[in-house]
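Colleague: Give me a 3D structure for the following:
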Amino acid sequence: MTSYAEMDRLRKLARPLYLELRALGIDVWATERPDRPAGYEVHAGGMRSFSPRHADRLRQRIEEHTAGLVKVLWAKWDGDLEAIRREGEV
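Modeller: This next block holds a predicted model:
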């Protein structure tokens, strides 16, 4: 089991990536996947407008920071991130 300090470190490393992805117009979400070793999967949508090389690099960064991104995505206490998530909703 990962310690709280390690989970917090992963979240802090992934938060700027989440903000960057959202600024680029990329939707990011996580789903539970019991069939996966980690138990979840991170998805990103809206990368079709990027060059294949840029999209591949973004996918690689998402893969590298999956655990931290899940913590960011499932956190309900960060008011700034909640506002960013709601941006564009009608």
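Colleague: Any figure for the gap between A75 and D8?
Modeller: Computed as CB to CB, to the nearest Å, the A75 to D8 distance reads 11 Å. Every residue, glycine included, has its C-beta placed from N, CA and C.
Colleague: Run through the residues that contact the most centrally placed residue in the chain.
Modeller: In the chain, the C-alpha nearest the mean C-alpha coordinate belongs to L69, at 3.6 Å (CA atoms, centre = their mean). Residues in contact with L69, defined by CB atoms under 8 Å, 6 or more residues apart in numbering, are A14, L17, Y18, V28, A30, V42, I62.
Colleague: Let me know how buried E63 is, in neighbour terms.
Modeller: Residues near E63, counting by other CB atoms under 10 Å, number 10.
Colleague: buried sites along the helix or strand containing R15?
Modeller: Element membership for R15 (DSSP states H and E) is helix 4-23. The neighbour-count check on helix 4-23 (16 or more other CB atoms under 10 Å) flags L10, R11, L13, A14, R15, L17, Y18, L21, R22 as buried.
Colleague: Do I have it right that the second one meets A75?
Modeller: Yes: between R11 and A75 there is a contact under CB atoms under 8 Å: 7.2 Å.
Colleague: as a whole number, average confidence for the helix holding R15?
Modeller: For helix 4-23, the mean per-residue pLDDT is 89.
Colleague: Can I get the buried residues of helix 4-23 in TSV including distance to D56?
Modeller: Formatted as TSV, the entries for the buried residues of helix 4-23 read as follows, by distance: CB to CB, whole Å:
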residue	distance to D56
L10	23
R11	25
L13	21
A14	19
R15	22
L17	15
Y18	19
L21	14
R22	19
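Colleague: Looking at the residues you listed, which is nearest M47?
Modeller: Among those, L21 lies closest to M47 (CB to CB), at 9.2 Å.
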